[in-house]
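> A predicted structure for the sequence below; I have some questions about it.
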Amino acid sequence: MLLGVGPAASAGGMLSHRNGAGGALSARSAAVSRTPALCIDHPGEAKMDPSISRRSGAIAAATTGALLLSACGVGGGKASLHDQLPEAIRKAGVIRVGASFTAAPVIFRTPDGQPGGVDPDIAAALEKVLGVTFEFQDVGPFANVLPGLLDKQYDIAMSGITDTREREQGVDKDNKQINEGVDFVDYFMAGIGIVVGKGNPEKLSKIDDLCGRSVAVKKGTIHDDLATRQQKPCEHLGRPLKVLATNADAEALADLHSGQADAYLTDYPKALYNTQTVDGGRAFDLAGPQLQPRPYGIAVRKSDSVLRDILTKAINSLVVDSTYEGILAKRQLSAGAVHNSVVNGSS
């Protein structure tokens, strides 16, 4: 099913980091410390600008952002970026987006059947910058998203996808080549959260605490990989870890609620959202702080470097004019904001 972005509905039950587990790492601070500004002058070629100091505050961040976009050749308006898009996209007037509508508040299906969440909100803003429509296609389980992109079923993938070295290089957890890999236009920072039953009856707080227990994950995610890697050390301790792989967050939460799973690993924004909204916040809790913050990225085929570079410039234009911050604030996701978009920031 193909769905235009249109007016994005606000997710019920706003997510707030203020109510998260104590000691949660700020994704914004991680983004500033780990990801320098990146200008794209030519496909595959990058040059670095000075990174933004946290102490400089909002004025310095805005000034640096403006300088960044000037250095990158951004600022000529919608027409200039539209004219730089690949010819096929300009003629069609559409960028086709593959996504799994299973990840509130990042992307989900609204009651009227439209895509909702922060990803469609950002896509709607990009429509205004680029002068084309972003048309979302629900591909079902998350595990289908990147394979569909590589099979050219759509132009980009936007589904709360964590930018990892493995996905960039097209290798599996054993470093075996499985495909040609993809490029990422990074736009948000998010770590991993451990969702547990209300009151945290097993007193879990870190990954090692999962040994001897069962954990639900969504197939094809970094959480699936993390849980699978954790099985070996748990076996060495004589406390096997059982991994329950599901197709959607709802299935994983059902396993947790029924007692089949002792915990559920997912992206931190989704973990917070579910602990605050499911059964009015009475069903689940977060166990421990945010773990291993990494960037979300718009996935693009490596052969589509022109589109990749234009999307990077377009995201940065949203950062500079504060549209980006407004989108995250509406979803109460401002803690995951980045000061500028980069390509393959996880490398």
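That came through fine.

> run through the protein and note the low-pLDDT ranges.
In the predicted model, the chain carries pLDDT under 70 at residues 1-79.

> would you map the helices across the chain?
27-34, 57-71, 78-84, 87-92, 118-130, 145-150, 165-169, 222-236, 249-258, 268-277, 305-320, 323-330 (DSSP state H).

> hey, which of these is tucked in deepest?
Mean neighbours per residue, mean count of other Cβ atoms under 10 Å, is largest over the helices of the chain for helix 268-277, with a mean of 25. Quick note: C-beta positions are derived from backbone N, CA and C, even for glycine.

> if you count contacts, what does that one end up packed against?
When contacts are defined as 3 or more Cβ pairs under 8 Å, 6 or more residues apart in numbering; DSSP states H and E, helix 268-277 packs onto strand 182-197, helix 249-258, strand 284-286.

> any chance of these in a markdown table, plus distance to G98?
Shown next, in a markdown table, are the helices and strands packed on helix 268-277 (distance: least, Cβ to Cβ, whole Å):
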| stretch | distance to G98 |
| --- | --- |
| strand 182-197 | 11 |
| helix 249-258 | 18 |
| strand 284-286 | 29 |
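
> closest to D267 out of those?
Closest to D267 of these, according to Cβ to Cβ: strand 182-197, at 4.9 Å.

> angle of the closest one against helix 118-130?
150 degrees (axes from the mean of the first three to the mean of the last three Cα atoms, to 10 degrees).

> any idea how far D209 lies from A263?
Using Cβ to Cβ, to the nearest Å, D209 is found at 8 Å from A263.

> could you do P141 as well?
Relative to A263, and taking Cβ to Cβ, P141 is found at 21 Å.

> and those two? which has more neighbours close in?
The neighbour comparison of P141 against A263 (other Cβ atoms under 10 Å) goes to A263, with 26 against 15.

> in contact with the more buried one, which residues are there?
I194, V195, V196, E202, L204, L210, R213, S214, V215, A216, L256, A287 (Cβ atoms under 8 Å, 6 or more residues apart in numbering).

> ok, Q169 next?
Q177, G181.

> what about K176, how many neighbours?
8.

> backbone dihedrals for it, please?
Main-chain torsions, K176, degrees, to the nearest 10: phi -90, psi 130.

> please renumber the chain so that the first residue is 646 from this point on.
Taking 646 as the first residue, the last one we looked at is K821.

> OK, contacts around it?
Counting by Cβ under 8 Å, 6+ apart, there are no residues that K821 touches.

> now it: how far from Q814?
The value you get for K821 to Q814, if Cβ to Cβ is used, is 11 Å.

> hang on, the earlier thing: looking at the contacts of A908, which is nearest P760?
V840 (23.7 Å).

> which residue is the nearest non-sequential neighbour of that closest one?
For V840, ignoring the flanking residues on the chain, the nearest one in space by Cβ to Cβ, 6 or more residues apart in numbering is Y909 at 4.2 Å.

> same check, this time on D817
Per Cβ to Cβ, 6+ apart, closest to D817 is I823, 5.2 Å.

> ok, the one you found to A959 distance?
From I823 to A959 the distance is 30 Å (Cβ to Cβ).

> and for I734?
Taking Cβ to Cβ, one finds I734 at 12 Å from A959.

> for P885, same thing?
From P885 to A959 the distance is 47 Å (Cβ to Cβ).

> for S967, same thing?
Applying Cβ to Cβ to S967 and A959 gives a distance of 15 Å.

> again with K773
Taking Cβ to Cβ, one finds K773 at 10 Å from A959.

> and L855, by the same measure?
40 Å.

> could you do D853 as well?
41 Å.

> surely A769 and F779 touch.
Yes - taking Cβ atoms under 8 Å as the definition, A769 is a contact partner of F779 at 7.3 Å.

> just give the number of residues close to the closest residue to N789 other than its chain neighbours.
Spatial nearest neighbour of N789, excluding adjacent residues (Cβ to Cβ, 6+ apart): S745 at 6.9 Å. As a burial measure, S745 scores 26 neighbours (other Cβ under 10 Å).
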